[in-house]
Every structure is written in structure tokens, then in C-alpha cells.
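Trainee: 3D, please:
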Amino acid sequence: MPFDASAATGGPAAYPFPVDDASGAANAGRAASGFRYIVSMLRANLLLIAAIMAAALALAVIATMLDTPRYTASATIQISSASSRVLGPDQEDRPVEADYDFDRSLKTQIDILKSRALAQRVVQKLKLASNSQFFTKLGMEAFPAGTQPKVINDAAIGIVMGGLSVVMPRDSRIVTINWQSTDPSTSAMIANNYASEFIQADLQRKFDSSAYARSFVSDQLGQAKLRLEESERALNAYSRSAGLIRTRDASTPTDKDGNGGGGSSITTTSLLQVNEAANTATARRIEAEGQWRAVANTPLLATKEVLANPTVNELLQQKAKIESDLQQELARHLEDYPTVRSKRQALTVIDREIQQAANNVRAGILAQYQAALATEQQLGGEVARLKNNTLGEQDRTVQYALLARESDTNRQLYDGLLQRYKQLNAAAGIASSNISIIDSADIPGYPSSPNLMKNLIVALVIGAGMAAALVFLKDQFDDSIRVPEDVEAKLGMPLLGVVPRSADGDPEQALLDPKSPLSEAYNSLRGSLLYSTSSGMPHVVLVTSAQASEGKTTSAVAIASGFARMGRSVLLIDADMRRPSLHRRLGFANERGLSTLLTTRDGLDSATVAGPQANLAILPSGPIPPSPTELISTPRMEEVLQAAAGRFELVVIDSPPILGLADAPALAALVDGVVFIVEADRSRRGSLKAALRRLASVRPIVLGAVLTKFDPQKAGNRHSEYYGYDYYQYGGSKAE
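Mentor: Numbers count the residues shown, from 1 in each chain. Below is the predicted model of the structure:
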């Protein structure tokens, strides 16, 4: 089959390899490996990780031993949702605070606890700025003479704030105040004072919150007092000028007539009293007149007033007795009898006395009537006079009522403001704090730091993090191909075969033994090449690598020998015209070769020699030319390859390395496929990416990569399906 140079630009077996995206392919491959890949990285860098962890632990132990012991004192306080008030409404009357509002309020209290203002209160309470022993106990040098007090005070505040730590549990209202220093007694003292000053500051804020209200009410009270005094003076001045004398109570408002306060003017009072007396006199006159009319129109001895008179009653009794005696005498004597005449004379005298007494009673009733009438008339005149005086006074009380109402209004306003001011003064700050101390801080008996176990744990965490970061960075920047899986992951090309490292270090000798693992590996590679394209084995194959000594010459010889043993005619070309080695390895002279054909028009047979086995021909490199790249880039090179492809079933080209030379990329553009040789576990520092980038510039048909010199035992710490890789060994007498 003739060689087709146009196949170099593409074909069904052309594998793209994104050189610039090799890291992305690597990430995809690692993601597919998952947890096992991470474990393999840890195993591969076990010594490095152990060294980092040991160094971190050693530093933790050293730091712990060198660190100054520090003592932590803790005081606990409870922060409730609301405070009870000593004066004022009961706690039960207050609205319940919502949970989310209390959480926000609790965080606010914690921020206040950490504030500079509270630290300033602690410094002032304990007089730390002026206490030189405070700084000495904490291991600080004394301030030089002449240092400004503000500098010392700021330093004390900084120390107090720096030693403070506040712990607030998630589902609790108990807050722990921790203060740490090198002196245990100082730690306990400041922790306790932090708790007490926090409560005092809370009460002070509540007291100060009503200061504006008290000041405002005090100003309004002063103004109301002035207005009240002015209105009272105006009212008194008008009363004096108008001649109004009134009795009034300032606590009772004045009505529209100027009356109020439980009193009125003297004229009105007199009118009421005289009018009441006149009404009483009228009633008495009517009663006396009724009695007189009853007595005047009725016989004297027929009226009850006369009959009720004691004198008349006594005289009537005497008359009845005389009449009884007279009748007894008439029964015994005649009219002219002396005793009869004396009795009749006595009876006449008694009648005359009774008549006189009855007239006296009638005259008394008349006198009472006349006196009542005179009293009524006199009081009626006085009422009329007082009425006239009252009506005149009412005209003068219109202005008085206006002034009185203004005075009453000012007094009510003044009394209200005075009562509110008293309440504010009494209730300001008389609220118990919603913060209470649960446990006071005791002097710690042992240091809280340094804590060796805690430092070791922190060192382990930091060391693990540093080791993980270092291993990750090392893995990211490591472009070495250590295991077969790295070929596809890092190079983005298929793996054609894995060639193990020869046991004795002599791959040529191992290839002579068809039962050796090296021979078996190349036999496996030969099978991969047979089906590397859709049309089978390519006719012209270029074997190259990024750098020298990666096994490309050995691989080229093994590939050519393997296909020759299959009965195919194979031509092995040594295209490395700078450092040729094929003729020395196979024991041929290098007088004629590829350089001879490229510089002459000689035929292919004039330079080829028979190989060490049947069906294998060798085309040495020939004499070393001054510029091999120019020879390879001439059209003559394409003619030689076409002639070789037309005569042999397979042409295998051993090329120089890609880096630093243009020979391999030029040859890659002329062949049917490129086999890329990669040495396992070789540090390249970007050489593979650079080589593949140069090779990709000619768009070759890359069949795949071959991993050479692979040692499964060395790769045992890395994740690989080839771990424990070995070929089936031939046995002697024991069948397996």
C-alpha cells in the first residue's frame, strides 16, 4: 500500500490532545478516581506529611514550654428579658418581649459588655491607671516619669479589653465573663468588677434615659408657676379695684358666674342668709295670722288656744267646783240664804276672771301675729336691698370670672406638672437591673494556658492543613507521569501499552527472551497498534518522545521486531541524524543511510541492510549531516517515505526527541501515526506540555502513548489499576 502524505493532516485515528487544558483533563480524571485517588496521594506523600505533622507538634511543644502561664477567672451573669420596677406598675402589667427582640437585645448587651466605655469604668473603679503594681504584675515595665496620664489610661484600657472574653451559650441567658492574665488575683478582681460595673452601667443608662424628660418638665413647671403667680395677682388686683370680697377654694374650679372654690361674694352670702330668714318669717307670719283669724272669729272659750291655756284651765276647774258647791247649798237652803248668795258671788268673780284670761290669750295671739308681720316686712325690705346689691355686683364679676378661670387653669396645669415632676424624680433609676450576678469569679488555682493538649490539637489541625495544601500544590504542579492512569488524565491521549522496567537494567537482553515481561509488554503494544485506527495498523509509524533516553529507540526496535516475527515486511528507519544509536545497537556500519538518500537520488535498497531477523530491514541514519532539519524538511524525505511504504508493509521511524529540535514535528506531519513514548516517574517540569504543544502545531495523527520503564512496586503508593502489575510468568515443570 503506497504511503499517502495527505493522511498526515487527519484521519479516523487522529486523537486530539488539548495541551492548554491538560489541567482540566487531570481534574476530570481525578474526580473520577474519587476517594481512592486522595488516599493514593496521601500514601505517596506519607513521609512529607509525617514530617510536617511532626514539625508542627514539635513547635507546639516548644511554644507551650516557652509560653508564660496565664490564669483565667470567670464570672457568670444572667441577662433577663425585662427588669422589675420598685415604684410603678407591676411586672405582670408589662407587655411580654418577643423572642427575636430579646435575642437582638441580648446581642446588644454582649456588645456593650465588650465596649471601651465599660472597660473605662472598670479602669476608673479600680484606679488601674494610677496603680503601678497592676502593670508590674502583668509583666509590663513601668511607664517613665513624665508620661501623660492619657497614655497610661489608654494602656490600662487596652490591657483590660485585651484580656476579656465573653461566652454566650446558644440556648441560655447565662453569660460567662472571662478575664485572662498572668496574675490570678488580678484576673479574679477584674472579672468581678466587670460584672458589677456592667450592672451599674445598665442602671446608670436607665437613670440617664429620663434626664431629658425631667429637664423638660422642670422647665415647663417653672413657666407654669410664673403664669399662675401672674394670674393670681391680676385676680386680686381686680377684686380690690372692683370692691369684690369673695371666698374661694383654689382646688375647686370657678363657674361661669365667678362662683366656685366652695365660696362666693359676701353680698351673695348675705342675700342667701337674709332671704332664708325672710322665708322663715313669712312662714311664721302665715302661721300666726291663721291662729289669729281662728281666735278672732270664734267664741273665746271655744278655741283650742284658750282652752289649752293653763290659767283658763285652772279657773274653769275652780268654777266647776263652786257650781257644785252652789248646787249642794240650793238643795238645803233658799236663794236668800247667805251661803247661797256667797257662792253666787264667787261664781260671778270666777266668770269675770275666766273672761279676762281668755281675752289675754286672744291678745297674745294678736301680738304674735303683728310681730311676725312686722318681721316679715322688715326682712322683705332687706332682701330687696341685697338683691339690688347682688345684681350690681354680678355686672362687676364678669371680668372677675375670666380672671378666676385663668387662674384656676394655671393652677391645674401647675399641679399636674408638679405631680409628674415628683413622679419622674421618684421613679428615675428606681428600677432593678435585668442583669444579675450568678457566680462571682474565684481566684484560679491553676493556669488556663498554655494548654499542651489544646496546642497539640491545634498543631495537628494546622499541620494537617499545611500538609494537605502542600500535597495539593505538589500534585497540581507535578506533571510527571507516574502511573498509567496519568497518561489519559494529564496528556489527554489513549494509552497504547505499559512497558515495565527490565529486571537487570538491560532491555536489549530482555527483548531477546520472548518470555520476559518486557517482550510480553511489547507484544501487548503490538496488539494495540494492530487496531489503533479504523483501517488497522498504519503503514508509517513515528516513534518519538519529549526528551532523550525515554526508551523510544528500544520501543522502535521492539515494535519492528514484533511485526517482523508476525511475517510482515518491516523497515526500521533511524531518523536521529544527530545522535544515531540504532547501528551500534544492531551492529551495523553507518556509512550509508537516511542522510545518504536525502542528499542523493539513490534508491532505497542502496542504503538499507538486512536486520537480525527475517522480514526486518534497517535504514541507518547514515553520516551525520550539518543540518538534519533541512534534510528532513525537503521533498526528498517524503519521496523516501513513499518508496518505503510502497515496498514494506510497515515502516517504523525512530526519531530524535521533540524538545529543542524540529526534526520530530517535521516527521510527524509525514507519517500515518505517531507513537508518543513517555518514561514513567520522570520529573519534567513542563517538558511534556511543551513537547505536546510543539507536536500539536503540525496536527499529527497521534495513535497514543506508551509508558516505559514502569515499576509497579514504586507506584504502589499511588492509586493505579496496575498496582501489583506483572506478566504471567512461564513455569518449568509446574503448570499454572
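Trainee: in a strand, residue 48, correct?
Mentor: No - under DSSP: H, G, I helix; E, B strand; the rest coil, residue 48 sits outside any strand and is assigned helix.
Trainee: you'd agree it is up against residue 471?
Mentor: Yes - here residue 48 lies in contact with residue 471, judged by Cβ atoms under 8 Å, at a distance of 7.0 Å. From N, CA and C alone the C-beta is placed, and that goes for glycine too.
Trainee: more neighbours, the two?
Mentor: Taking neighbours as other Cβ atoms under 10 Å, residue 48 and residue 471 compare with residue 471 leading, 19 against 14.
Trainee: and the more buried one, what element?
Mentor: Using DSSP states H and E, residue 471 sits in helix 452-477.
Trainee: next SSE downstream of that helix?
Mentor: Later in the chain than helix 452-477, the nearest helix or strand by DSSP H and E is helix 485-486.
Trainee: for that following helix, give the mean pLDDT please.
Mentor: Throughout helix 485-486, pLDDT has a mean value of 77.
Trainee: try stretch 272-291
Mentor: 81.
Trainee: hmm, who's touching that stretch?
Mentor: Under the contact criterion Cβ atoms under 8 Å, 6 or more residues apart in numbering, stretch 272-291 has outside partners 305, 365, 368-369, 371-373, 375-376, 379-380, 382-383, 386.
Trainee: again, but for stretch 131-148
Mentor: By Cβ under 8 Å, 6+ apart, the residues outside stretch 131-148 that reach it are 68, 126, 128, 151-152, 155-156, 159, 181-183, 186.
Trainee: of these, which is the nearest to residue 563?
Mentor: residue 68 (78.3 Å; Cβ to Cβ).
Trainee: tell me the secondary structure at that closest one.
Mentor: What three-state DSSP gives for residue 68 is coil.
Trainee: could you do residue 179 as well?
Mentor: What three-state DSSP gives for residue 179 is strand.
Trainee: okay, and the beta partners of it?
Mentor: Beta-bridge partners for residue 179, by DSSP bridges, are residue 73, residue 164.
Trainee: now for the longest helix along the chain, which elements pack on it?
Mentor: With secondary structure taken from DSSP state H, the chain has its longest helix at helix 338-427. Here helix 338-427 touches helix 211-242, helix 266-296, helix 304-307, helix 310-332, going by 3 or more Cβ pairs under 8 Å, 6 or more residues apart in numbering; DSSP states H and E.
Trainee: name the residues that touch the next helix or strand after it?
Mentor: Counting by DSSP H and E, the next helix or strand C-terminal to helix 338-427 is strand 435-439. With contact meaning Cβ under 8 Å, 6+ apart, strand 435-439 is reached by 74-80, 109, 174, 195-196, 198-199, 202.
Trainee: hmm, try it at 6 Å
Mentor: Residues from elsewhere that reach strand 435-439, judged by Cβ atoms under 6 Å, 6 or more residues apart in numbering: 76-79, 195, 199, 202.
Trainee: just the CA atoms of that strand, as CSV, please.
Mentor: Below are the C-alpha coordinates for strand 435-439, written out as CSV (Å, rounded to 0.1, in the frame of the first residue of the first chain):
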residue,chain,number,x,y,z
ILE,A,435,-28.8,41.8,84.9
SER,A,436,-27.8,39.8,88.0
ILE,A,437,-24.6,38.1,89.1
ILE,A,438,-24.9,34.3,89.3
ASP,A,439,-21.4,33.3,90.3
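Trainee: which of the residues in that strand are buried?
Mentor: For strand 435-439, the neighbour count (16 or more other Cβ atoms under 10 Å) marks 435, 437 as buried.
Trainee: for that strand, what is the average pLDDT?
Mentor: So the average pLDDT for strand 435-439 ends up being 87.
Trainee: give me the sheet partners of it and which way each runs.
Mentor: With DSSP bridges as the test, strand 435-439 is paired with strand 71-79 (antiparallel).
Trainee: how close does residue 567 get to residue 573?
Mentor: Look at residue 567 and residue 573: by Cβ to Cβ, to the nearest Å, they are 20 Å apart.
Trainee: those two: which is more packed in?
Mentor: Between residue 567 and residue 573, counted using other Cβ under 10 Å, the more crowded position is residue 573 (30 against 10).
Trainee: I figured that one hits residue 653, correct?
Mentor: Yes - using Cβ atoms under 6 Å, residue 573 is in contact with residue 653, at 4.7 Å.
Trainee: what segments of the stretch 501-650 of the chain are strands?
Mentor: Taking DSSP state E, counting those that start in this stretch, the strands of the stretch 501-650 of the chain run over residues 540-545, 570-574, 609-610, 616-619, 650-654.
Trainee: can you lay out these as JSON lines showing distance to residue 211 and mean pLDDT?
Mentor: Shown next, in JSON lines, are the strands of the stretch 501-650 of the chain (distance: least, Cβ to Cβ, whole Å; pLDDT from 0 to 100):
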{"stretch": "strand 540-545", "distance to residue 211": "89", "mean pLDDT": "92"}
{"stretch": "strand 570-574", "distance to residue 211": "103", "mean pLDDT": "91"}
{"stretch": "strand 609-610", "distance to residue 211": "114", "mean pLDDT": "89"}
{"stretch": "strand 616-619", "distance to residue 211": "108", "mean pLDDT": "91"}
{"stretch": "strand 650-654", "distance to residue 211": "99", "mean pLDDT": "92"}
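Trainee: distance to residue 442 for those strands - can I get that in TSV?
Mentor: Shown next, in TSV, are the strands of the stretch 501-650 of the chain (distance: least, Cβ to Cβ, whole Å):
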stretch	distance to residue 442
strand 540-545	76
strand 570-574	90
strand 609-610	100
strand 616-619	95
strand 650-654	86
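Trainee: where does the stretch 251-400 of the chain dip in pLDDT?
Mentor: For the stretch 251-400 of the chain, applying pLDDT under 70 flags the ranges 251-265, 298, 300-302, 304-307, 392-396.
Trainee: try 50
Mentor: Counting by pLDDT under 50, the stretch 251-400 of the chain contains low-confidence ranges at 251, 256, 258, 260-263.
Trainee: and residue 198, its phi and psi?
Mentor: Backbone geometry at residue 198, expressed as degrees, to the nearest 10, gives phi -60, psi -40.
Trainee: what is the burial count for the nearest residue to it once chain neighbours are set aside?
Mentor: Spatial nearest neighbour of residue 198, chain neighbours left out: residue 113 (5.8 Å); criterion: Cβ to Cβ, 6 or more residues apart in numbering. Residue 113 is flanked by 22 other residues according to other Cβ under 10 Å.
Trainee: hmm, back to that, of all the helices and strands packed on helix 338-427, which one is nearest residue 540?
Mentor: When these are compared (using Cβ to Cβ), the closest one is helix 211-242, at 99.5 Å.
Trainee: quick check: residue 133 is in a helix.
Mentor: Yes - under the criterion used here (three-state DSSP), residue 133 sits inside a helix.
Trainee: which other helices and strands contact the helix holding residue 471?
Mentor: Counting contacts by 3 or more Cβ pairs under 6 Å, 6 or more residues apart in numbering; DSSP states H and E, helix 452-477 packs against helix 46-66.
Trainee: for the helix it packs on, list every residue counted as buried.
Mentor: Buried-residue list, helix 46-66, by 16+ other Cβ under 10 Å: 49, 52-53, 56, 60, 64.
Trainee: what's the local residue count around residue 706?
Mentor: Taking other Cβ under 10 Å as the criterion, the count of residues near residue 706 is 30.
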